[in-house]
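1. Have a look at this fold, sequence not included:
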């Protein structure tokens, strides 16, 4: 992926993953149109060559929200374009899992970006919330429906309607984040999670992720069709044979000691 023209993201590509750092430290990584455009470029690359995506922020902040200066000037037609909701939906639908590594402020559009990820881990300094109603707008880039699925209706309403900002331990208690690590260890923790994903069969991970959010009426037929694809994959035969070989070796070793 060519990142030569990027000015808001720092991108590191590895064999099985891509690390993206939101990098607008002067505005606490607020999400502006340029960042949205660059995230679309990252998504295009990952849709073509699926890899795990890790998203984090620089300067002790994930993202303080949308760029208020730009947001102040947007009008009805801009809202109808769904500038942020479109990119967050695209991130949520990436073939391989997305990990959001959260430190410091994770507010507004930044929080909605995190909600679009498959995994959220954080630091003790993380603060998660959606203050949009205090600015006279609503959280229209996924929070109004995705947050309820993540934390349940009562907590989602406290965040969306009453401006509650969750501290790290509160976010952990409602499973909005699943792990807390000191800031210096956050990226190592994100990579360990990516390592665990990488040990799975990539095709099985991709298909499982795609089925996870399928509508209830699509099951079980969609599961059976997907399993039919995986049952014919060479990875399935190789991985199951390796499992059986390990079991046979363990049994032989035990028998040899008797």
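-> Received it, and whenever you're ready, just let me know what you need. Being a predicted model, the structure only gives us computed values, none of them experimental. Numbers count the residues shown, from 1 in each chain.

2. Now do the longest helix seen in the chain: everything it contacts.
-> Ranked by residue count, the top helix of the chain under DSSP state H comes out as helix 234-257. Helix 234-257 is contacted by residues 201, 203-204, 230 when judged by CB atoms under 8 Å, 6 or more residues apart in numbering. C-beta here means a position set from N, CA and C on the backbone, and glycine is covered the same way.

3. same deal with stretch 176-190?
-> So stretch 176-190 is contacted by 19, 54, 56, 60, 99, 101-103, 119-126, 128, 150-151, 166, 168-169, 171-172, 193 (CB under 8 Å, 6+ apart).

4. Over to stretch 123-138?
-> In contact with stretch 123-138 (CB under 8 Å, 6+ apart) are residues 60, 62, 65, 68, 71, 102-108, 111-112, 114, 122, 139-140, 143-144, 147, 159-161, 163-169, 171, 176-177, 180-183, 186.

5. List the buried residues for it?
-> Neighbour-count burial for stretch 123-138, counted by 16 or more other CB atoms under 10 Å, picks out 123, 125-132.

6. buried residues in stretch 195-207?
-> Neighbour-count burial for stretch 195-207, with 16+ other CB under 10 Å as criterion, is recorded at 197-198, 202-207.

7. average pLDDT for it?
-> For stretch 195-207, mean pLDDT rounds to 98.

8. From the chain's centroid, how far away is that stretch?
-> 15 Å (CA atoms, centre = their mean, to the nearest Å).

9. List the contacts of that stretch.
-> Contacts for stretch 195-207 (CB under 8 Å, 6+ apart): 16-17, 50, 52, 95-97, 226, 229-230, 233, 235-236, 239.

10. let's see it at 6 Å
-> 16, 52, 95, 97, 226, 230, 233, 235 (CB atoms under 6 Å, 6 or more residues apart in numbering).
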